[in-house]
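*Asks:* how would this look folded up:
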Amino acid sequence: MSAQRSIVICGGAFAGLALAVALRQGLGADIPIIVADPALSARPSRDPRATAIVAACRRLFETLGAWEAVAEKAQPILDMVVTDSRLEDATRPVFLTFAGDVEPGEPFAHMVENRHLIDALVGRAEAEAIDLRATAVTSYDARSGSIDVTLADGSLIEASLLVAADGARSKLRERAGIATHGWDYNQSGIVVTVGHERDHGGRAEEHFLPAGPFAILPLSGKRSSLVWSEKRAEAARIVSLGEGEFHGELERRFGLRLGEIKALDTPRAFPLSYFVARSFIAERMALIGDAAHVIHPIAGQGLNMGLKDVAALAEVVVDAARLGIDLGQQDVLERYQRWRRFDTMAMGLATNSLNFLFSNQSTLLRTVRDIGLGLVDRAPPLKSLFIRQAAGLAGEVPRLLKGEAL
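*Replies:* Numbering: from 1, shown residues only. Next up is the predicted model:
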């Protein structure tokens, strides 16, 4: 059996922390696991955003022991409606509805505020005695039998595997010379939390407007998280408005179904783009999450795709360890890449197509898509298939996403 060295994970957000916990539970305490990220010093988390966690990823968090800490704060999505209209239209006809569970008593997704989930993952990592270091990875040197990782605090770690979980502007990906292919959408996503008079009943709404989707996602209490796509210049104008003017723009899009509304935090705009790394691996290195791929939020799958990376990589590494195989050798990493790359490309194609189909002014395209949505709405087996796909339970699903321990 080969001697296994440390595993170093660069990045302490969702993907990096979840991977660390999954590896510790699957590998045991004999292999040191280090998570390096300067942001680990900023605890508790203050991230104001919220994320839709699909059923498969909720199972992952439950298996890791992180879900219990956020379960009471999570809002199940019990119902979803899709509308297609212009901003000036007096009514917004519903073309597609989704309701029901992926399994009895299991909603297809929950909304969770990022700060709660990050703090839960940090707590699990600490409980599992994972080495959390509030410092950066500055360099590495891959050799045939190991990879030497240097941290900003001067530490040198001889590792079997280095994982890049350091986000869309990954320095490790750049240092490895891994190119990306994709494009900029010239759109920004405006993110803001809204309070409202009436209860949302767990309903999510996606209004397809010519500038892009306007998603209303239910949070606990009488609150909702908005992800609101606009052309980049228009988004910059909107977030710079005063409180009264911003409220006017918000009300035009949100409507009054839930009564009076109010922005509960400062709206922020994030540029939207699409890219996929040309390789998810390098010598003794694997890319996960935004370091490997960034997609449009139109289908709410970005974070969930990163968690699928986590589940797949953890499974191939644990399987290799049980066979006495070097965790960082090429065929182990190739198995991870084969597992995740096709699914990533397929999801990227789907979100690109949806964004093109819905973010435009074409009357012809609007007619075609509305007919298509109406047909899907009248086909329960097709809707059920879409729900399972959205819930992350279609295709070759890693064990963690099934709720099975490694």
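
*Asks:* tell me which residues of the host helix or strand of Val163 are tucked away?
*Replies:* Applying DSSP states H and E as the criterion places Val163 in strand 156-164. Buried positions in strand 156-164, judged by neighbour count with 16 or more other Cβ atoms under 10 Å: Ile157, Ala159, Ser160, Leu161, Leu162, Val163, Ala164. All C-beta atoms are positioned from the backbone trio N, CA, C, and that covers glycine.

*Asks:* Please list all residues in contact with the third one.
*Replies:* Which is Ser160. Shown in contact with Ser160 (Cβ atoms under 8 Å, 6 or more residues apart in numbering): Gln4, Arg5, Ser6, Ile7, Ile31, Ser146, Ile147, Arg284, Asp326, Leu327, Gly328.

*Asks:* same thing but 7 Å
*Replies:* Applying Cβ atoms under 7 Å, 6 or more residues apart in numbering to Ser160 gives the contacts Gln4, Arg5, Ser6, Ile7, Ser146, Asp326, Leu327, Gly328.

*Asks:* Going along the chain, name the helices of the protein.
*Replies:* For the chain, helices defined by DSSP state H occupy the ranges 14-27, 55-64, 114-127, 171-175, 232-239, 243-254, 302-322, 330-358, 363-377, 380-390.

*Asks:* just to revisit the earlier point, okay, the strand holding Val163 in CSV with CA atoms only?
*Replies:* The C-alpha trace of strand 156-164 is given here as CSV (Å, rounded to 0.1, in the frame of the first residue of the first chain):
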residue,chain,number,x,y,z
LEU,A,156,5.7,24.1,3.2
ILE,A,157,3.4,21.0,2.9
GLU,A,158,4.3,17.8,1.1
ALA,A,159,1.0,16.7,-0.3
SER,A,160,-0.5,13.9,-2.4
LEU,A,161,-3.1,16.2,-3.9
LEU,A,162,-3.8,19.9,-4.2
VAL,A,163,-7.4,21.0,-4.8
ALA,A,164,-8.2,24.4,-6.4
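
*Asks:* follow-up on the earlier one: adding distance to Trp228 and pLDDT as columns, could you present the buried residues of strand 156-164 in JSON lines?
*Replies:* What follows is those, written out as JSON lines (distance: Cβ to Cβ, whole Å; pLDDT from 0 to 100):
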{"residue": "Ile157", "distance to Trp228": "43", "pLDDT": "96"}
{"residue": "Ala159", "distance to Trp228": "42", "pLDDT": "97"}
{"residue": "Ser160", "distance to Trp228": "44", "pLDDT": "97"}
{"residue": "Leu161", "distance to Trp228": "39", "pLDDT": "98"}
{"residue": "Leu162", "distance to Trp228": "37", "pLDDT": "98"}
{"residue": "Val163", "distance to Trp228": "33", "pLDDT": "98"}
{"residue": "Ala164", "distance to Trp228": "30", "pLDDT": "98"}
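
*Asks:* Out of the residues you listed, flag the one nearest to Tyr185.
*Replies:* The closest of those to Tyr185 turns out to be Ala164 (Cβ to Cβ; 24.0 Å).

*Asks:* and the gap between the nearest residue to that closest one once chain neighbours are set aside and Val54?
*Replies:* Distance criterion Cβ to Cβ, 6 or more residues apart in numbering; nearest residue to Ala164, sequence neighbours excluded, is Leu172 at 3.8 Å. Distance, Leu172 to Val54, using Cβ to Cβ, to the nearest Å: 27 Å.
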